[in-house]
Each structure stands twice: as C-alpha cells, then as structure tokens.
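Peer 1: no sequence on this one, just coordinates:
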DNA sequence: TTATTATATTGCAATATTACGATAAAACAA
DNA sequence: TTGTTTTATCGTAATATTGCAATATAATAA
C-alpha cells in the first residue's frame, strides 16, 4: 500500500505523531530555531535566512502553521511569524509523562 | 528534486529532525506507548499488540532502534525491547531550551 | 538431524514528501 | 491605473515512506 494506517491508531497517537512529523525536517527545525534567536516576532525575512527557494520555504511554513507550531499575522505586505507557546508546552508535557513512567521501570 | 537538502543545515538541526522523524508515525508512537504501559522490558509480544503485519512492525522497530529511542537485546528466540531514557532526556531538554528562549519574547 | 518459534530482510506497489519554476494573489506606493 | 514587494498556489519531477507477501535467518527443542 504505502499510506499510513491512521485509522488503526488512537486520536492521541495520531495527534502527537503529526506534531513530530511537522518537526521532522531540518528546514522546519531551522525555522523554529530562527524564530527563537530574535526577541520579537519575525516579519518577512525568513526566506532570506534559509538555503531554500521561496516556494519551498512557504510550504514548510504552511506545515508548521497547520501543526499549530507557529502563528502568522498579516502586517502590511509582510507576515509576522511567532511560535505558539501552548504547543511547546504540550510536547514538553508529553515527554514529562514518559519520564514519569520510565521511573517505574528497570532495563 | 525531492530529497531533503540535508547538507544545507547544521548537524544539530539534522539530528533533532531525525529524532522527530522516528517519532512521526502513529505505529511508532504506539510502540513507545506500549513499552511504557508495562513495568519491565517487553520480550516478543509487540507484533500481537499492533494492527500491522510482522514485517511492518519489524521495520518500525528498526527505525526506533536506529534513532536510539529503543534498545533490543536478544533473549533466546525473542528480543527484549526497552526505551532508552537518555534519548527521552535529550528531547525533553531540547524543549526546555525552547521554553527558556520563549520567556524572553512577546507575541 | 529436523521442527518450531521469533525476528529480519527482500522486493515491490501505493502513497507521501521535498523542492522549485512559473504564476497568482494581496497589500501598498507612485 | 501601473509597478513593486511579499507570500501563496499550481504543476511536476525526484526521492522517501509505508505496508505486506515471500523468504531468510537465528535460536532453541525434540
């Protein structure tokens, strides 16, 4: 076949997998990194920072937006991007739960 | 083209992206979930738990092993799987750094 | 030795992702 | 209006991922 058997897994498992999928490309990690290097939101210079063509960057930004990892607000001709802190909390919490469960185990 | 432009990004960005890629499929999330539901390591019943054929499960386990997220030790005819706590720490730390940086920002 | 059991690998088809040129759309300036 | 700038979308080629039947391998049991 080729397509993931999404229906065979829980909503939670699919949700967290999709979050990780959004972060599973170095260009998208680089975008998040860049948004974190500056003190404010970034208006319209993301394309210049990445070693990729503009349509490719736009596509990566779209995936990060769809995963709710970044938010974009229109600001004149440019678009201002910000990281969504709630999603970072969610992922961090996911690993916190894993850590808790690992404490009760031995390997 | 089609292939990721891996060389254009830093080693760190590729590393963390590969970690997330290993966790970007619901079957692999389900495997990690399952390994966490029991108190000890699991010897040879992962295939029965997942709604996928044995070769597919084997492939997903291989990807988790390659990403260093789980470890497998041969135990007779079966293989015992465990989560690697160090990797969980690494990912959790990654988000801890992000959270710290987010504190200095406004959106 | 021959079974049996558990896991891995091979090969392939279906689908998804990545990248980018060309083009469109949206907002503003002159 | 026309031009400029910025971002999005379309179309398509190259590559990667997913899933599984068939088969191979490895360890033990009889």
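Peer 2: Everything's here; your move. Not measured: the values here are computed from a predicted model. Residues are numbered from 1 along each chain as shown, chains lettered A, B, ... in the order given.

Peer 1: interface residues of chain A facing DNA strand D?
Peer 2: A:1-5, A:43-44, A:46-47, A:54-55, A:58-59, A:61-62, A:72, A:77-79 (C-beta under 7 Å from any atom of the strand). Bear in mind the C-beta positions are built from the backbone N, C-alpha and C, glycine included.

Peer 1: among those, which ones are buried?
Peer 2: Buried members of those, scored by 16 or more other C-beta atoms under 10 Å in any protein chain shown, are A:43, A:46, A:61, A:72, A:79.

Peer 1: does the fourth one count as helix, strand or coil?
Peer 2: When you say that, I think you mean residue A:72. What DSSP: H, G, I helix; E, B strand; the rest coil gives for residue A:72 is strand.

Peer 1: what's the closest non-adjacent residue to it?
Peer 2: Distance criterion C-beta to C-beta, 6 or more residues apart in numbering or on different chains; nearest residue to residue A:72, sequence neighbours excluded, is residue A:79 at 4.7 Å.

Peer 1: that neighbour: which element?
Peer 2: Residue A:79 belongs to strand A:78-83 when elements are defined using DSSP states H and E.

Peer 1: list the strands paired with that strand, with their directions.
Peer 2: strand A:42-43 (antiparallel), strand A:70-75 (antiparallel) (DSSP bridges).

Peer 1: picking that back up, pull the most distant pair out of the buried ones among the residues of chain A next to DNA strand D.
Peer 2: A:43 and A:61 (13.1 Å; C-beta to C-beta).

Peer 1: shared neighbours, these two?
Peer 2: residue A:81 (C-beta atoms under 8 Å, 6 or more residues apart in numbering or on different chains).

Peer 1: mind checking which of the residues of chain A next to DNA strand D land in strands?
Peer 2: By the criterion of DSSP state E, membership of those in strands covers A:43, A:72, A:78, A:79.

Peer 1: from these, which single one is nearest chain B?
Peer 2: If you rank those by distance to chain B using C-beta to the nearest C-beta, residue A:72 comes first, at 11.3 Å.
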